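J.: Give me coordinates for this.
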Amino acid sequence: MTRVVSMLALAAILAAPAGAVTFSFASDDNHDGPTFQGNSGGSMPDDLSEGSALSVDSLVNVDLMVDVNDDKVGGVVIYQAVMTFGGSIDNITSVARGAGWVHTWDVSDGAIDFTQLGTGTPILSIVFDSAILTTYSPTIFNTGETLTLQTSADVDSAIAFITYPILQGIGVGPLQVSASEDFAFTFTHARKPAGGLPVIHHGVFLGDWISEGSFSAHAAKGEVSEVPVE
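T.: Numbers count the residues shown, from 1 in each chain. Modelled structure (predicted):
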């Protein structure tokens, strides 16, 4: 199901966006389970995925907001979507900072996919290979309650946004999202499934962990040569 949030969105939909396009969803959109889960095999790399395995309906449902009008008024369309996510966590760096520790991991081989709830029709895919997962924690042996995952085209040459006919129908085609790509996730209420902060040792997660999460991404219109090949 698609909802047009404002009448001003109609004017934006009638023409391809000239500037940036943003994509986002709020924290805890998935009301029957966690947004993310980390699966530890006891050694690197660990797996990071969406929390569908622990959701009642086995889906991570989100309201994907697409703003085709950059910073101007209007242009917002919301899609009821299902998010899937996959990536590999490796190579920790830990640095004492202030009253705690900053832990940073590499996240590679990543893919984020949004499909329409109920139909499975693809909406948007994002692929990346060089992101950073960071947390500020009270000890060297735990994560904090929050983490961030982020990357951009400035540091990851593999990042690409792929749009499908649903988005192309509102003017968001490959060219409109082929430059200045970036995204960030904010993880909140990170915890072990039974409670307590996730435990790490020498960079390895000692047991599985879950969290809520929000998302924001941005891309701009590029040159023809920058359009990703599907």
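J.: what mean pLDDT does the top strand by length along the chain have?
T.: Secondary structure of the chain per DSSP state E: the longest strand is strand 76-97. Averaging pLDDT along strand 76-97 gives 93.
J.: One more: stretch 140-160?
T.: Stretch 140-160 comes out at a mean pLDDT of 96.
J.: got the CA coordinates for it in CSV?
T.: Extracted in CSV, the C-alpha atoms of stretch 140-160 (Å, rounded to 0.1, in the frame of the first residue of the first chain):
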residue,chain,number,x,y,z
ILE,A,140,36.1,-2.8,26.7
PHE,A,141,34.0,-5.9,27.1
ASN,A,142,30.6,-4.6,26.0
THR,A,143,28.9,-2.5,23.3
GLY,A,144,26.9,0.5,24.4
GLU,A,145,23.2,0.7,24.3
THR,A,146,23.5,2.5,20.9
LEU,A,147,25.5,1.9,17.7
THR,A,148,25.7,3.6,14.3
LEU,A,149,26.3,2.0,10.9
GLN,A,150,27.2,4.4,8.1
THR,A,151,29.0,4.9,4.8
SER,A,152,29.0,7.1,1.7
ALA,A,153,30.2,7.2,-1.8
ASP,A,154,33.2,9.3,-0.6
VAL,A,155,34.7,6.3,1.1
ASP,A,156,32.9,3.3,-0.6
SER,A,157,33.2,3.1,-4.3
ALA,A,158,31.0,0.0,-4.3
ILE,A,159,27.9,1.8,-2.9
ALA,A,160,25.0,1.9,-5.3
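J.: which of the residues in that stretch are buried?
T.: By neighbour count on 16 or more other Cβ atoms under 10 Å, the buried set for stretch 140-160 is 142-153, 156, 159-160. Bear in mind the C-beta positions are built from the backbone N, C-alpha and C, glycine included.
J.: Out of the residues you listed, the closest to Leu48 would be?
T.: Leu149 (7.9 Å; Cβ to Cβ).
J.: Tell me the spacing between the closest one and Pro174.
T.: Distance, Leu149 to Pro174, by Cβ to Cβ, to the nearest Å: 24 Å.
J.: if we can go back for a sec, for Leu167, state which of the buried residues of stretch 140-160 is nearest.
T.: Nearest to Leu167 among the buried residues of stretch 140-160: Ala160, at 14.2 Å, using Cβ to Cβ.
J.: any idea how far that closest one is from Gly87?
T.: Distance check for Ala160 against Gly87: by Cβ to Cβ, it reads 15 Å.
J.: in this structure, which spans are helices?
T.: Applying DSSP state H to the chain gives helices spanning 8-13, 165-168.
J.: any idea which of the ones you listed scores lowest on pLDDT?
T.: helix 8-13 (a mean of 41).
J.: related to what we said a few turns ago, can you tell me which of the buried residues of stretch 140-160 is nearest Ile166?
T.: Using Cβ to Cβ, the buried residues of stretch 140-160 come closest to Ile166 at Ala160, 17.8 Å.
J.: hey, what's that closest one bridged with?
T.: Val127 (DSSP bridges).
J.: just Thr188 next, same as before
T.: Beta-bridge partners recorded for Thr188 (DSSP bridges): Glu212.
J.: Might one say that it is in contact with Gly213?
T.: Yes: assessed by Cβ atoms under 8 Å, Thr188 is found in contact with Gly213 at 6.8 Å.
J.: what sits in contact with each of these two?
T.: Counting by Cβ atoms under 8 Å, 6 or more residues apart in numbering, the contacts common to Thr188 and Gly213 are Ser27.
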